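Participant: below are the sequence and a predicted model; questions follow.
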Amino acid sequence: MTSTEQASASGGEPTPRPEHLGHVIFIAAAAAMGGFLFGYDSSVINGAVEAIRSRFDIGSEALAQVIAAALIGCAIGAATAGRIADRIGRIRCMQIAAVLFTASALGSALPFALWDLAMWRVIGGFAIGMASVIGPAYIAEVSPPAYRGRLASFQQAAIVIGIAVSQLVNWGILNLAGGEQRGEIAGLEAWQWMLGVMVVPAILYGVLSFVIPESPRYLVSVGRTAEARKVLGEVEGTKIDLDARVHEIDLAMRSEHKSTFKDLMGGRFGLLPIVWIGIGLSVFQQLVGINVIFYYSSSLWQSVGIDPTSSFFYSFTTSIINIIGTVIAMVFVDRIGRKPLALIGSAGMAVSLGVCAWAFSFKTGSDGNISIPDTQGTIALVAAHSFVLFFALSWGVVVWVLLGEMFPNRIRAAALGVAASAQWIANWLITVTFPTLSDWNLSGAYMIYTFFALLSIPFVIKWVPETKGKALEEMG
């Protein structure tokens, strides 16, 4: 289908191809750098877990609090980013996030004590929360209607690439330090370099934010219509009626219903049933334990006797599998539907997690003398990679697609906020409990995640609506 055959979102007239489509792609890619930093900062801590435990001589509970500290900032950043962006603009918001990412990287790499390491993690989390909201919103607002779906996928792609790059960088630094997380490189320990290297993409994000235009939607909202017309000409083409587009945006913003938490009330259990379904999707996405892989995989493999260098390499390979699974989901989510993809993922995750639980039950030894038989170790590695693949090709993408589609227009913004908050809380719960669960019984921890993967199957079958092929206005 050519661009001239695609109807515009505003009225059914053919949407002309922008004269500078490459420029539009550059703008979207620059904004998606926030997603890259989101993925990078979320995952980079993976390489420093055991070194932080050793450096500050802390137990599993204190370690979990430091790792999970970023999630507190994430929740605050996500909750406030929308209002900040409406007040000062999307670009200024990106620049604030870039400064916070930079400060967090430097502060985390050079902490005085455990408390300020946790503080810098919270600051980095605030930037993650901002990036998770501003990136997709900005891309949607600057994208031509005919290309919006493809350009919006840049954010998710950037997140999984950021996760993979952080693992690759960690592995490279570990090798430079002779395989020791606390090995020195130019006067700093390896784990400090791992956390500090993020300053490079953070500065790049800040620089790029100065060369991309402000959102035309924001410009219209503050009365800067001449600038809005100029940006629309750059991203949608000068062949469209720019005055009509500005008027259309202005009219849409004036008639928009600002949903509030009160709009979500009225169901049997306080909230509307569809809101509970959204919360359920968000919570199940986290309770299967996916972030154990992204936050703790190096520590996990070392806990069953695998040497640090190999454990870092396996963390990188799971990130590559994550990218592959995400691409598969992007290809099939509109072809086979949201529910079938979610069910395939749930079944695959349940089997993979169950196999991991079985393999980890063969773990023997304690402290520095831990091992797992070669056969079970190989099976655990394959199952862990299989788990990441099934998650990425299903729940990793499908949940966000469903949350963006399933709510009625009048409550969409507020309902999305509640569902996203539930996701951060569930993420925090899994992150903060894993070290203690692992110390108690690693196999038992994975049985818990298996249970939630199994429980997600009847949840999807009975309550989750299929949104494939439906207009947003049909969601009632």
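Facilitator: On my side now, so go ahead. Numbers count the residues shown, from 1 in each chain.

Participant: quick one: distance of stretch 107-117 to the chain centre.
Facilitator: Averaging C-alpha positions (C-alpha atoms, centre = their mean, to the nearest Å) puts stretch 107-117 24 Å from its chain's average.

Participant: what is the end-to-end distance of that stretch?
Facilitator: Using C-alpha to C-alpha, to the nearest Å, the end-to-end distance of stretch 107-117 comes out at 7 Å.

Participant: neighbouring contacts of it?
Facilitator: Counting by C-beta atoms under 8 Å, 6 or more residues apart in numbering, the neighbours of stretch 107-117 from elsewhere in the structure are 52, 56, 58, 62, 66, 119-121, 123-124, 188, 192-193, 195-196. Every C-beta, even on glycine, is put in place using the N, C-alpha and C of the backbone.

Participant: and the residues you listed, which of them are buried?
Facilitator: I52, A62, V66, M119, W120, R121, I123, G124, Q192, W193, L195, G196 (16 or more other C-beta atoms under 10 Å).

Participant: the fourth one and A202: what is the separation?
Facilitator: With distances defined as C-beta to C-beta, to the nearest Å, the gap from M119 to A202 amounts to 17 Å.

Participant: what's the answer for R150, then?
Facilitator: 26 Å.

Participant: so which of those two has more stuff around it?
Facilitator: Under the criterion of other C-beta atoms under 10 Å, the comparison of R150 against A202 puts A202 first, with 27 against 12.

Participant: element containing the more buried one, please.
Facilitator: Applying DSSP states H and E as the criterion places A202 in helix 199-209.

Participant: chain center to the next helix or strand after that helix: distance?
Facilitator: Per DSSP H and E, the first helix or strand lying C-terminal to helix 199-209 is helix 216-221. Shown here is helix 216-221, whose average C-alpha point lies 27 Å from the average C-alpha point of the whole chain (C-alpha atoms, centre = their mean).

Participant: list the buried ones in the following helix or strand past helix 216-221?
Facilitator: Going down the chain from helix 216-221, the next helix or strand is helix 225-236, by DSSP H and E. Neighbour counts using 16+ other C-beta under 10 Å place T225, E227, A228, R229, V231, L232, G233, E234, V235, E236 of helix 225-236 among the buried residues.

Participant: quick revisit: which ones among the contacts of stretch 107-117 are found in helices?
Facilitator: Using DSSP state H, the members of the contacts of stretch 107-117 that fall within helices are 52, 56, 62, 66, 119-121, 123-124, 192-193, 195-196.

Participant: spatially, which two of those are the most separated?
Facilitator: Checking those against each other with C-beta to C-beta, the farthest-apart pair comes out as A62 and W193, at 23.1 Å.

Participant: measure N427 to S282 for me?
Facilitator: 9 Å.

Participant: quick one, what contacts I58?
Facilitator: By C-beta under 8 Å, 6+ apart, the contact list for I58 reads I52, V66, L114.

Participant: from A70, how far out is it?
Facilitator: Applying C-beta to C-beta, the value for I58 to A70 is 17 Å.

Participant: before we move on, what about V199?
Facilitator: Counting by C-beta to C-beta, the separation of V199 from A70 is 16 Å.

Participant: ok, longest helix in the protein?
Facilitator: Of all the segments of type helix in the chain, defined by DSSP H, the longest one is helix 412-463.

Participant: who are the packing partners of it?
Facilitator: Contact analysis of helix 412-463 by 3 or more C-beta pairs under 8 Å, 6 or more residues apart in numbering; DSSP states H and E lists helix 60-88, helix 273-287, helix 290-303, helix 338-360, helix 395-405 as its packing neighbours.

Participant: now that helix: mean pLDDT?
Facilitator: For helix 412-463, the per-residue pLDDT values average out at 87.

Participant: so who does the closest residue to I249 other than its chain neighbours touch?
Facilitator: Using C-beta to C-beta, 6 or more residues apart in numbering and skipping the chain neighbours, the partner closest in space to I249 is V220 (4.8 Å). Each residue near V220 by C-beta under 8 Å, 6+ apart is listed here: A228, V246, I249, D250, M253.

Participant: of these - the most surrounded one?
Facilitator: A228 (25 neighbours).

Participant: ok so, going back, so how far is E234 from the residue nearest to I249?
Facilitator: 15 Å.

Participant: ok so, going back, what's the spacing between the residue nearest to I249 and E214?
Facilitator: As defined by C-beta to C-beta, V220 lies at a distance of 10 Å from E214.

Participant: out of the helices and strands packed on helix 412-463, which comes closest to I27?
Facilitator: With C-beta to C-beta, the closest approach to I27 among the helices and strands packed on helix 412-463 belongs to helix 60-88: 16.3 Å.

Participant: for that closest one, name the packing helices and strands.
Facilitator: For helix 60-88, the helices and strands in contact under the criterion 3+ C-beta pairs under 8 Å, 6+ apart are helix 49-56, helix 90-109, helix 114-142, helix 216-221, helix 412-463.

Participant: average pLDDT across that helix?
Facilitator: Averaging pLDDT along helix 60-88 yields 84.
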